[in-house]
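Novice: this is a predicted model, with the sequence first.
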4 protein chains.
Amino acid sequence: MIKFAQFGAGFIGKIHGANIARHPKAELAYIYDVKTEAAQQLAAQVGAEVSASPEEIWASDVDAVLIASSTNTHAELLSGSIKAGKPVYCEKPIDLDIDRVKTVVHQARNTNLPILVGFSRRFDSNHMGIREALQTGEIGKLEMMHITARDPRPPALSYIKVSGGQYRDQTIHFFDMLRWLAGEDPVEVYATGAALIDPAIGEAGDVDTSMLILKFASGALCHINCSRRAAYGYDECVELFGSQGMLVSRRKPRREVTVYKGDSIISDGLHPGWLERMEPTFYRALDALIKVMEGEQIEYPTLIDGLKAQMIAEAAIESLRTNQPVRITYWSPEQ
Amino acid sequence: MIKFAQFGAGFIGKIHGANIARHPKAELAYIYDVKTEAAQQLAAQVGAEVSASPEEIWASDVDAVLIASSTNTHAELLSGSIKAGKPVYCEKPIDLDIDRVKTVVHQARNTNLPILVGFSRRFDSNHMGIREALQTGEIGKLEMMHITARDPRPPALSYIKVSGGQYRDQTIHFFDMLRWLAGEDPVEVYATGAALIDPAIGEAGDVDTSMLILKFASGALCHINCSRRAAYGYDECVELFGSQGMLVSRRKPRREVTVYKGDSIISDGLHPGWLERMEPTFYRALDALIKVMEGEQIEYPTLIDGLKAQMIAEAAIESLRTNQPVRITYWSPEQ
Amino acid sequence: MIKFAQFGAGFIGKIHGANIARHPKAELAYIYDVKTEAAQQLAAQVGAEVSASPEEIWASDVDAVLIASSTNTHAELLSGSIKAGKPVYCEKPIDLDIDRVKTVVHQARNTNLPILVGFSRRFDSNHMGIREALQTGEIGKLEMMHITARDPRPPALSYIKVSGGQYRDQTIHFFDMLRWLAGEDPVEVYATGAALIDPAIGEAGDVDTSMLILKFASGALCHINCSRRAAYGYDECVELFGSQGMLVSRRKPRREVTVYKGDSIISDGLHPGWLERMEPTFYRALDALIKVMEGEQIEYPTLIDGLKAQMIAEAAIESLRTNQPVRITYWSPEQ
Amino acid sequence: MIKFAQFGAGFIGKIHGANIARHPKAELAYIYDVKTEAAQQLAAQVGAEVSASPEEIWASDVDAVLIASSTNTHAELLSGSIKAGKPVYCEKPIDLDIDRVKTVVHQARNTNLPILVGFSRRFDSNHMGIREALQTGEIGKLEMMHITARDPRPPALSYIKVSGGQYRDQTIHFFDMLRWLAGEDPVEVYATGAALIDPAIGEAGDVDTSMLILKFASGALCHINCSRRAAYGYDECVELFGSQGMLVSRRKPRREVTVYKGDSIISDGLHPGWLERMEPTFYRALDALIKVMEGEQIEYPTLIDGLKAQMIAEAAIESLRTNQPVRITYWSPEQ
């Protein structure tokens, strides 16, 4: 059994906590949250103890930590966990400040500690299906990728203001996904967007509706369209177009119920939110970390992956600001 | 150019007349209809002449005739056309009285005249697709067939009263289809039905909603469900289930237009009627007859096929009356 | 917490045991299996104790029992549990001998004990969706129902020989489903079938490929087609055809992955087996029993439902034997 | 009857000629082609006469002309037809040289002559369906448009060299389509592309794989992805994403035939080429011109539409060359 401690007992923390509790090879020993009541409540549900401080956790005998606290605490908790030699599952993003991200990456560079950054879409069975098919040559050489990423509704304006903007907050999942799918890093990005849903989002200096084009060194092109609001639920789908065919990770319906009526065929639509659509991926990501800790050689999203996705986001933000395509430069800790 | 004469200038006659007129290897020379005005109108549209009588047509130099007049005239017109040595495209059914059908079949037995009975669904590209795949072994040995056949709305009660009943009038297309698809004749039928749509149909001695099971000598089973009314348009689809897979001739949508809205995905439904769905098959059936007349070896629905479909209908009617499975006996003109 | 004991630690027992263990309102206290080793293994996995005998369980403080042992033990275990006043989740069928089923029903008739018979398809979200839509009048009055039920491959011949035959063993799920969907009992059944997959099944006195038509008192008709083998996975789908439209519980794909290649569009197919397709229904059925025990007024498949499904199966077997439609008579314990 | 003359008897000319011949309100009187033999052959098929020169046609009593000759003759033939006061159906593009296009537009500006430019996709029933739904408010305000446009295979290199490049030749259909769908003109374009299919296309100074983003004054965004080769047939589909939902003009399958086999569901794919997919649109475009000539008030793609699409193409070419977003300026003949 792998003994976990968890930072954070909020919305996403509850999901992670329950997953650790039901994983046959894991147990959740400690929970820490600045809101003690939240920590107590979750601890009671999953049979864990409340911890008094991060330091107590780092000093304990836990085998791994899961960081599900608020974004601005990730870097510090990562740093402490690395120092304590604990493998980590860390929710994305690592930090909104790219320099703090680099510091953590630098710190971790020679440790060999398994650190999984929560790009859990890498564990979605549909997306895994098209990636595997691409890798086995099913459609030849990749030429175009097309990603649709639309949330049902914008988050609260208060959240948007501290979110780092649409690209650091929402699109970042797909900056990681395109690298993971293509098997190479994009070298240039052109981003354009507007606040079409809510002018207040624009006044806050952000956009809610964006289109981006990214170029790979191979010449392959990637389009992302990203909206903070889809009136028909959570919409995420991907097309990979290659020299010998096309792969589609289709829209996933909520149920397979259809009504034939009048001149229409009416089927159940998409999931109401990203959580309903993506929930199974969190457990699989946790399972991946556990397998890695047990010595299996499996791929997972690393700190470097987290850093790279954020560097793409930085370039996209620069492109949005200047209305110019921007070259993406990747920093690596060896520099 | 093959010179055609046509009997009948009504609803279906207009379709056939226009098809002959636009076929590059055919021309429509004469039209006869007991309603002279209808004949004149269609003749003007397609550039044909009105004929004064069937006898005039039989005596003329036309190469072929198309019988699209009312059902009760088919047998006599067929008989005269056979005597005159004219190949025929005859709308289904041959006659509601099975004995008159046998007489015509007997008359035609040694003539080698191409006589095509209008089971035009044999020329539907979807149905042809599953038949070809079955024949090439795509799904192994056929074990179950499932046919859905639903009209948008019942015909007028006055028509129902002279139609010969649901099986002779509507289901007969699918009695032919199942033989054509399976490549063998059914040997037994169990039919059950009720007048669920309109009690007046029941009072007229007919049913409007039926389910049937037919058995082939090979052991394969066939289900037909047949309704005089579907609130969502014309619904026809077929499944062939075999030892190595399943073939589906799917419902065909009117258009490929979809709306994602709220919690639903709403697509354009089926065609409003059988004509919109099946119209292309009439031209192809005509084209098949022309090819046969030119010496090509292609399959087409013959008089014998027309007879067999009606013998199945007779057995189904007997089954409906007695609520017992009924053996199907096939008469052949050699007897 | 509701304390459960479970009879049976085999294939289906493992699924039920894990479900009880992860249900937040339940715990699995005891497991009994004639194979002690199996009981020990499952007990270790879910943190339960092995019980020495059914009697020990009945005498214990458990709040409910789950019967997942072999079919021939169900009636006796049910009877003992009823005597002990324990609510029951009992796997289907109750017993292959209809008289033993009646005895159990008679015994339970005045107890008010919640006894849930494992027709878990009633908890499938797709099927629930069409039932709810029918009940709310979405398609008007039901006129035709069409059920497809095909297993990927036949069970072992040794199992078939003791299974009670295709209708008591496989089709019985759908005898329950049609009653549940239609909201009324069928009054007559015509069943026909053959051993098309494996002659040995025929030699064992059974069929592997069947078509049935059932009539409701309302005049509505139901078709079931049922095969022991589908070369493309587990296939279950339902159509409800009504006066104002049609409802479909569609085939459920394994994943939403599609390849466009050459002249084809190739999508992921169905689940490899019924378990992968139906697994979520077992947890929901368990949850329903727990809710009923807590006083919620929710529908669930009762002993009477189990009895009725088996009486339909008996009539279907009689129909298959005689090739005649058979009236279905329902026995009730008040008689 | 409207008497037509046609310039051009090549591939697309044959289609137009046959359409005129079968239109009940039109007849094809004359055909002119610099290749006299081609003109003679088509004339024989459709019952027309061969004309000796364009001048002869302009001087004749024909009511309208159809220009289906090679692109470099369009401007001159348009000019002559306008002078002769003949309504025109002109294949796209008007001319590869934007200045010659302006000259023709200028010439036609006060004539009120119906001149239809062959953007026949405006008459595709799927695309018409989503446009109508957008206009009636089905999805609220348009925010994002997404167009996929992929030919099955690149044209001959010799054609590519004189085609004006991918944007003037292939993408131009969709520059028109986006204006027609959105109901407003784009104001800026960013285009990027590469020769991924065939290096020879790159050596010829062209691209074969492109992604573009266009902005409308309303803030709405449009993405086009465009390839000269799709290994699975002709692929064209459109998404309109709005504040209240999404409209999709789906991929259109060749047939509705599906095989369930092994772990896959295999359906018939797309059409082998654009002609099979788009053929019905040519007849409808012709019919629209005829209706306009008869005084009906219906929309159709005009010379101005042709000009605007080409001005977008010019801006896109400039963007591709400079890797910068480019403002689109629209010239109008009043200037």
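Specialist: Nice, thanks for sending it over. Numbering: from 1, shown residues only, chains lettered A, B, ... in the order given.

Novice: every contact and neighbour count from this point should use C-alpha atoms.
Specialist: Fine.

Novice: pull out the buried residues from stretch A:189-208.
Specialist: Residues A:189-197, A:201, A:206-208 are the ones in stretch A:189-208 that count as buried (16 or more other CA atoms under 10 Å in any protein chain shown).

Novice: what does stretch A:25-43 give?
Specialist: Counting neighbours by 16+ other CA under 10 Å, stretch A:25-43 gives A:26-33, A:38-40, A:42-43 as buried.

Novice: helices or strands next to the helix or strand containing A:Leu116 in the packing?
Specialist: Element membership for A:Leu116 (DSSP states H and E) is strand A:115-117. The helices and strands touching strand A:115-117, judged by 3 or more CA pairs under 8 Å, 6 or more residues apart in numbering or on different chains; DSSP states H and E, are strand A:88-90, helix A:303-322.

Novice: and the contacts of the shortest one?
Specialist: Residues outside strand A:88-90 that contact it (CA atoms under 8 Å, 6 or more residues apart in numbering or on different chains): A:64-68, A:74, A:78, A:81, A:113-118, A:286, A:289.

Novice: centroid-wise, who is the farthest residue in chain A?
Specialist: The centre of chain A is farthest from one residue, A:Gly262, which by CA atoms, centre = their mean lies 42.1 Å away.

Novice: what residue lies at the spatial centre of chain A?
Specialist: Nearest to the mean C-alpha position of chain A, by CA atoms, centre = their mean, lies A:Phe119 at 3.0 Å.

Novice: who wins for proximity to B:Lys141 among the helices and strands packed on strand A:115-117?
Specialist: Closest approach to B:Lys141 among these (CA to CA): helix A:303-322, 52.3 Å.

Novice: export the closest one to PDB, keeping only CA atoms.
Specialist: Extracted in PDB, the C-alpha atoms of helix A:303-322 (Å, rounded to 0.1, in the frame of the first residue of the first chain):
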ATOM      1  CA  LEU A 303       7.100  18.800 -14.500                       C
ATOM      2  CA  ILE A 304       8.900  19.500 -17.900                       C
ATOM      3  CA  ASP A 305       5.600  18.900 -19.600                       C
ATOM      4  CA  GLY A 306       4.000  21.400 -17.200                       C
ATOM      5  CA  LEU A 307       6.700  23.900 -17.900                       C
ATOM      6  CA  LYS A 308       6.400  23.500 -21.700                       C
ATOM      7  CA  ALA A 309       2.600  24.000 -21.700                       C
ATOM      8  CA  GLN A 310       3.000  27.200 -19.800                       C
ATOM      9  CA  MET A 311       5.800  28.500 -22.100                       C
ATOM     10  CA  ILE A 312       3.300  27.900 -25.000                       C
ATOM     11  CA  ALA A 313       0.700  29.800 -23.100                       C
ATOM     12  CA  GLU A 314       3.200  32.700 -22.500                       C
ATOM     13  CA  ALA A 315       3.900  32.900 -26.300                       C
ATOM     14  CA  ALA A 316       0.200  32.800 -27.000                       C
ATOM     15  CA  ILE A 317      -0.500  35.600 -24.700                       C
ATOM     16  CA  GLU A 318       2.300  37.600 -26.400                       C
ATOM     17  CA  SER A 319       0.700  36.800 -29.700                       C
ATOM     18  CA  LEU A 320      -2.700  37.900 -28.500                       C
ATOM     19  CA  ARG A 321      -1.300  41.200 -27.300                       C
ATOM     20  CA  THR A 322       0.700  42.000 -30.400                       C
END
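
Novice: any idea of the mean pLDDT in that helix?
Specialist: Across helix A:303-322, the average pLDDT comes to 97.

Novice: starting at the chain centroid, how far to the next helix or strand after that helix?
Specialist: For helix A:303-322, the following helix or strand on the C-terminal side (DSSP H and E) is strand A:326-327. Using CA atoms, centre = their mean, to the nearest Å, the mean C-alpha position of strand A:326-327 is found 23 Å from that of the whole chain.

Novice: in its sheet, which strands sit next to strand A:326-327, and in what direction?
Specialist: strand A:186-194 (antiparallel) (DSSP bridges).

Novice: quick one: contacts of the helix or strand just after the strand it pairs with?
Specialist: For strand A:186-194, the succeeding helix or strand toward the C-terminus, using DSSP H and E, is helix A:199-203. Contacts with helix A:199-203, where a contact means CA under 8 Å, 6+ apart, come from A:Leu157, A:Ile160, A:Ala194, A:Ala195, A:Val207, A:Asp208.

Novice: now stretch A:30-45
Specialist: Contacts for stretch A:30-45 (CA under 8 Å, 6+ apart): A:4-10, A:14, A:17, A:48-54, A:57, A:69.

Novice: in PyMOL, how would I select the buried members of those?
Specialist: This is the PyMOL syntax for the buried subset of those, where burial follows 16+ other CA under 10 Å:
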select buried, chain A and resi 4+5+6+7+8+9+10+14+17+48+49+50+51+54+57+69
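
Novice: which ones among the contacts of stretch A:30-45 lie within strands?
Specialist: A:Phe4, A:Ala5, A:Gln6, A:Phe7, A:Glu49, A:Val50 (DSSP state E).

Novice: who are the contact partners of the first one?
Specialist: If you count contacts by CA under 8 Å, 6+ apart, A:Phe4 has them with A:Ile20, A:Ala26, A:Glu27, A:Leu28, A:Ala29, A:Tyr30, A:Val62, A:Asp63, A:Ala64, A:Val65, A:Leu66.

Novice: could you do the fourth one as well?
Specialist: With contacts taken as CA under 8 Å, 6+ apart, A:Phe7 has the following neighbours: A:Gly13, A:Ile31, A:Tyr32, A:Asp33, A:Pro54, A:Val65, A:Leu66, A:Ile67, A:Ala68, A:Ser69.

Novice: ok, those residues vs A:Asp97, which is closest?
Specialist: Distances from A:Asp97 to the contacts of A:Phe7, taken by CA to CA, are shortest for A:Ser69, at 16.5 Å.

Novice: which pLDDT does the model give the closest one?
Specialist: 96.

Novice: ok, it - contacts?
Specialist: A:Phe7, A:Gly8, A:Ala9, A:Gly10, A:Gly13, A:Asp33 are the contacts of A:Ser69 under CA under 8 Å, 6+ apart.

Novice: now render the residues you listed as a markdown table, adding pLDDT and distance to C:Trp331.
Specialist: Below are the contacts of A:Ser69 laid out as a markdown table (pLDDT from 0 to 100; distance: CA to CA, whole Å):
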| residue | pLDDT | distance to C:Trp331 |
| --- | --- | --- |
| A:Phe7 | 98 | 61 |
| A:Gly8 | 98 | 59 |
| A:Ala9 | 97 | 56 |
| A:Gly10 | 95 | 55 |
| A:Gly13 | 97 | 54 |
| A:Asp33 | 97 | 61 |
